[in-house]
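*Asks:* Provide a 3D model corresponding to the input given below.
(chains A and B)
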There are 2 protein chains.
Amino acid sequence: MKHRKSENFSEWYVEVVEEAGLAGYAPVKGTIYLLPYGYEIWELIRSHLDKRFRESGHRNAFLPVLIPESLLRKEAEHFKGFTPEVFWVTHSGDDPLGERLAVRPTSETLFYATFGGAIKSWRELPVLVNFWNSALRAEIKSTKPFIRTSEFLWQEGHTIHATREEAEEEVMRMLRIYREVIEEKLAIPVVAGYKSELEKFVGAVYTTTLEAVMPDGKVLQMATSHNLGQNFTIPFEVRYLGPDGKMHYAWSTSWGLSWRVIGAVIMVHGDDRGLRLPPEIAPIQVVIVPIHYKEEERALVLEKCREVARRLADAGIRVHLDDRTEYTPGWKFNEWELKGVPLRAEIGPKEVEGGRVTLARRDALTRVAVSDAELVESVRRLLDEIQRSLYESAKRFLLEHITDARSLEEFSRVLEEKGGFVRATYCGSKECEAAIKELTGATVRVIPFDPEPILSNCVYCGGEGKVTAYFGRAY
Amino acid sequence: MKHRKSENFSEWYVEVVEEAGLAGYAPVKGTIYLLPYGYEIWELIRSHLDKRFRESGHRNAFLPVLIPESLLRKEAEHFKGFTPEVFWVTHSGDDPLGERLAVRPTSETLFYATFGGAIKSWRELPVLVNFWNSALRAEIKSTKPFIRTSEFLWQEGHTIHATREEAEEEVMRMLRIYREVIEEKLAIPVVAGYKSELEKFVGAVYTTTLEAVMPDGKVLQMATSHNLGQNFTIPFEVRYLGPDGKMHYAWSTSWGLSWRVIGAVIMVHGDDRGLRLPPEIAPIQVVIVPIHYKEEERALVLEKCREVARRLADAGIRVHLDDRTEYTPGWKFNEWELKGVPLRAEIGPKEVEGGRVTLARRDALTRVAVSDAELVESVRRLLDEIQRSLYESAKRFLLEHITDARSLEEFSRVLEEKGGFVRATYCGSKECEAAIKELTGATVRVIPFDPEPILSNCVYCGGEGKVTAYFGRAY
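*Replies:* Numbering: from 1, shown residues only, chains lettered A, B, ... in the order given. As a prediction, the model looks like this:
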């Protein structure tokens, strides 16, 4: 690693992405490709989420990537919100198309035209569907791997309900699932709440969000869950015959989480040696490095390494034996630290002789010898400890980076000196929100679900303080 | 079902797709969306393949969907082959792009520009990567769900090797994996071999293929595996430093299987009642239908249904209890037959009293009562039998539809009267192959790996018979 996290955060980040073998830049500006190691992290995040989606009654399906312009235009606000970023297909082969086709920026419109159009009666509701795909939004400036890319992997959930209440419950249910996975698996603590009118999803009645503070003081949106009310079901005529024999417009939601969260994992947990992966999303949880300098040690050491690998794999632990002969143990230590593998098992003649294994923690950089007999149990315990320790350390950082401000001056000073969330009260108007953004670069990131104490009059206009929100400069 | 398989094959096919709840038409011509039931079949096929890909050392990764035109042009034949079908992005938002971007028709070019470009030494070889994504090729005429669509889900594997021999082994290894999954899991027997010069993948040295006969006598390509030689590594300058200290061009392969195979499953196994799914790829392997007419029977019947569902689920069988109250048992029987669920468990007062379950096979439409004690074992055995029986019946059909022809007249007559594969000898020239196609509509589908007996002189030109191939009219 050439860069240091505390000194050149932005360069450090890109260096980790590339040196840890997660991703690289692809030819089209703002796009990246994922190497297997990076993609496997996404596969693990996907499987954690997918399990919870299924358990809560959702099913996966598929929608095409091309959307006719006329369809995208059907919900006017929505179209206006996305149109500057849409990639447009105008030709197939040499032939101009009769109508431009958008390359999926999000699938609401297509979902209502297909799944929505098929609904006839209340018996078919709710429709609870999820799509694992990619979305495309042209990003011209400040692109950054995972955080801001013109194409990103994500999941988009879409649901249709008979009543407003059911839709509201769904919005909160999915935000809870996101929070569980982000906090328990990605080890990143978040602040949850509503988006402001200015920041909500284009076309939503309201948006709920999870936001995390990054080490450079900027705030990152981790996942959002939207109540779309009848904003889409009315223009798309998604109606159902109720048990009362009458036709009703349905209610709908959408919710999404993208590979941005991998960017957050890198930023929050990484250090000057590279990546530090929470065990729950580590493609390799334990890497075994054989250590032998003399030829006669080799066979015994390798035999023990294979035995340890087998025992850990049998216990359901993701283990990799690095038995490459062209690299030294020191070189391997360095590489696996860079790649953020939570535990390294060092096995040499001493370990063979002593009936033990030396385990090195990537998070704390400490080493401990455990006996062969208690190997599996020790590894399990250490992985749990690492998972918890990463979360707790991030939690401390988050709590240290929520600061109250009672005036615009204080607000700006906190932002400049410390960053993170600035908790402040304003009058709730779009005008003051926009003015604060203009002046400080900070936006309303979260309005907590349970209203927090009014701290002052509006920090901008001095009028009555109505809303206490978490402000921050966002990625 | 309105249509019959034997009478209106084409209409019957589309009716099954829609009525079984697999897929529907999306707004852009030639595109479809998948409903959860259809997508779950794809997820099962994916997991069977993915397991084998991993076991043979391959890892999943991600490539963007947009490819700059200049990159696509780098291998001239390849570009020429795909260009009539490419969807072109020309604008992002209101801004014209400096260069047109292709929406992925296939990823060879992007793979060599990214993964290929990163290779330095022999130590990094082979590179064995797979991508689960979708590809887009504009299909104007005779589109058909799964079989011919402008966007299709597939996997594309790409590998780079140090030697020609390793690449050749890889091509055959992947074709073997495809064959295993298609024959053992999809229950569709295939004929394997090479493609002809006219029919091979644009840019390949040679293409190997698996082809199956559909009930209407047409032949369907199920999967292909290509030896690309150095056709891509030279223009993309994919070179590595060998152990000999010199730079060498690498060798490469690619291989793919798409959701077409779902089309084949529908065609081959379906009947006049709808879909018949092989248990290995059935989202629901056993559906339980409670049968109770009197209110006092209800609780006991449902209790037993839940107990049976729990026992089967615990045994790893995909089971669904259809306890909807708004439909009659007869209505449910019909629906689940349409959806092709391999086994139906009927549970009514008689079954409760007799300590048994009635099992109905979707393939043979037979019913058998099994005692509660041997339920799990019986279900397992019946699912195995259904899987085998579907394969054997398809195998008989295939063997009955390989017919020798020793003259052009005989060739045409077989095609007209019976369809399927026409085994015939020709001189091996592109000219005769093209002339046969022009005259009969049949192409060379497969040239078997082990040359088959010369049956005659060239059926077209009468010159020396050099190649015995399997011809057919293809989807």
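*Asks:* Can stretch A:161-178 be said to contact chain B?
*Replies:* No - counting by CB under 8 Å from any CB of the partner chain, no contacts exist between stretch A:161-178 and chain B, the nearest distance being 14.6 Å. Backbone N, C-alpha and C define where each C-beta goes, glycine included.
*Asks:* For the longest helix along chain A, which residues meet the burial criterion?
*Replies:* For chain A, the helix that runs over the most residues, judged by DSSP state H, is helix A:375-400. By neighbour count on 16 or more other CB atoms under 10 Å in any protein chain shown, the buried set for helix A:375-400 is A:375-376, A:378-380, A:382-383, A:386-387, A:389-391, A:393-394, A:397-398.
*Asks:* packing partners for it?
*Replies:* Judged by 3 or more CB pairs under 8 Å, 6 or more residues apart in numbering or on different chains; DSSP states H and E, the packing partners of helix A:375-400 are strand A:206-213, helix A:260-269, helix A:295-314, strand A:343-347, strand A:356-361, strand A:367-371.
*Asks:* Can you check which of those gets nearest to chain B?
*Replies:* helix A:260-269 (11.4 Å; CB to the nearest CB).
*Asks:* just the angle between the closest one and helix A:375-400, please?
*Replies:* 90 degrees (axes from the mean of the first three to the mean of the last three CA atoms, to 10 degrees).
*Asks:* Please identify the buried residues of helix A:260-269?
*Replies:* Those would be A:Arg260, A:Val261, A:Ile262, A:Gly263, A:Ala264, A:Val265, A:Ile266, A:Met267, A:Val268, A:His269, for helix A:260-269 by 16+ other CB under 10 Å.
*Asks:* for A:Gly256, what are its contacts?
*Replies:* Residues near A:Gly256 by CB atoms under 8 Å, 6 or more residues apart in numbering or on different chains: A:Thr106, A:Trp154, A:Gln155, A:Glu156, A:Gly157, A:Ala223, A:Thr224.
*Asks:* Just checking, which helix or strand of chain A averages the lowest pLDDT?
*Replies:* helix A:76-82 (a mean of 83; mean pLDDT, DSSP states H and E).
*Asks:* And the next helix or strand past it?
*Replies:* Toward the C-terminus, helix A:76-82 is succeeded by strand A:87-92 as the next helix or strand (DSSP states H and E).
*Asks:* CA atoms only: put that next one into PDB for me.
*Replies:* Only the C-alpha atoms of strand A:87-92 are listed here, as PDB (Å, rounded to 0.1, in the frame of the first residue of the first chain):
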ATOM      1  CA  PHE A  87     -28.500   6.000 -21.600                       C
ATOM      2  CA  TRP A  88     -30.600   5.900 -24.800                       C
ATOM      3  CA  VAL A  89     -30.700   3.200 -27.400                       C
ATOM      4  CA  THR A  90     -31.600   4.700 -30.700                       C
ATOM      5  CA  HIS A  91     -30.600   2.000 -33.200                       C
ATOM      6  CA  SER A  92     -30.600  -1.800 -33.600                       C
END
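*Asks:* Can you give the distance from it to the centre of its chain?
*Replies:* Relative to its parent chain, strand A:87-92 has a centroid offset of 30 Å by CA atoms, centre = their mean, to the nearest Å.
*Asks:* Excluding sequence neighbours, find me the nearest residue to A:Gln155.
*Replies:* A:Trp132 (5.0 Å; CB to CB, 6 or more residues apart in numbering or on different chains).
*Asks:* Provide the contact partners of the helix or strand containing the one you found at residue level.
*Replies:* According to DSSP H and E, A:Trp132 maps onto strand A:127-136. Outside strand A:127-136, the residues that touch it by CB under 8 Å, 6+ apart are A:46, A:50, A:53, A:56-63, A:65, A:86-87, A:103-107, A:111, A:115-116, A:119, A:150-160, A:170, A:258, B:36, B:65-66.
*Asks:* what does stretch A:216-223 give?
*Replies:* Against stretch A:216-223 from outside (CB under 8 Å, 6+ apart): A:9-10, A:147, A:175, A:178, A:182, A:188, A:190, A:209-214, A:255-257, A:260-261, A:263-264, A:267, A:401, A:415, A:418-421, A:445, A:472-475.
*Asks:* CA-only coordinates of it in CSV, if you can.
*Replies:* Taking C-alpha atoms only, stretch A:216-223 is exported to CSV below (Å, rounded to 0.1, in the frame of the first residue of the first chain):
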residue,chain,number,x,y,z
ASP,A,216,-13.6,11.1,5.9
GLY,A,217,-16.7,12.6,7.5
LYS,A,218,-18.9,12.2,4.5
VAL,A,219,-22.2,10.4,4.8
LEU,A,220,-23.2,7.5,2.6
GLN,A,221,-26.7,6.3,1.8
MET,A,222,-26.8,2.5,2.3
ALA,A,223,-30.3,1.5,1.3
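*Asks:* hmm, back to that, of the contacts of A:Gly256 - the most surrounded one?
*Replies:* A:Ala223 (26 neighbours; other CB atoms under 10 Å in any protein chain shown).
*Asks:* so is that residue in a helix, a strand, or just coil?
*Replies:* Three-state call for A:Ala223 (DSSP: H, G, I helix; E, B strand; the rest coil): strand.
*Asks:* With A:Pro451 instead?
*Replies:* coil.
*Asks:* one step back: residues of the least confident helix or strand of chain A that come out buried?
*Replies:* The neighbour-count check on helix A:76-82 (16+ other CB under 10 Å) flags A:His78, A:Phe79, A:Phe82 as buried.
*Asks:* Stretch A:343-350 too?
*Replies:* Within stretch A:343-350, the residues scored as buried using 16+ other CB under 10 Å are A:Leu343, A:Arg344, A:Ala345, A:Glu346, A:Ile347, A:Gly348, A:Pro349.
*Asks:* likewise stretch A:320-339?
*Replies:* By neighbour count with 16+ other CB under 10 Å, stretch A:320-339 contains the buried residues A:His320, A:Leu321, A:Asp322, A:Pro329, A:Lys332, A:Phe333, A:Glu335, A:Trp336, A:Glu337, A:Leu338, A:Lys339.
*Asks:* Would you point out the most distant pair within those residues?
*Replies:* A:Leu321 and A:Leu338 (18.3 Å; CB to CB).
*Asks:* before we move on, back to that, what about the residue nearest to A:Gln155, distance to B:Ile234?
*Replies:* Relative to B:Ile234, A:Trp132 is positioned 36 Å away (CB to CB, to the nearest Å).
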